[in-house]
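Peer 1: I would like the atomic coordinates for the input below:
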Amino acid sequence: MSGEQNVGQVDRIIRIILGFVCLGLVAYHFILESILPIYVLILIVVLIAYFLKTGLTRVCPIMKSLNISTIKKEN
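Peer 2: From the prediction side, this is the model:
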């Protein structure tokens, strides 16, 4: 499975942090103030799933299709 991974450690941490920030934004919307329209909420929920999935599995399908990897190669 390590051959499929294309998300490096720093990229992974950033993705997980962004996922939790988006999750906090949705929680703020529902708990305190309704600040976002429904179409923005739907987009943010999709981004939460995307950021957390790619951060936790270290596989990004968009980067894979572009043949990009942020994993450092050992020489």
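Peer 1: check contacts around the one residue sitting closest to the centre of the chain.
Peer 2: Most central in the chain under CA atoms, centre = their mean is residue 51, positioned 1.1 Å from the mean C-alpha point. For residue 51, the contact set (CB atoms under 8 Å, 6 or more residues apart in numbering) comprises 15, 16, 18, 19, 22. In short, each C-beta sits where N, CA and C put it, glycine included.
Peer 1: again with residue 52
Peer 2: In this structure, residue 52 makes contact with 15, 16, 19, judged by CB under 8 Å, 6+ apart.
Peer 1: mind checking pLDDT for the last one?
Peer 2: Think residue 19. On pLDDT, residue 19 comes in at 97.
Peer 1: please, which helix or strand holds residue 70?
Peer 2: According to DSSP states H and E, residue 70 maps onto no helix or strand at all.
Peer 1: wait, what's in contact with it?
Peer 2: 6, 7, 8, 10, 11, 63.
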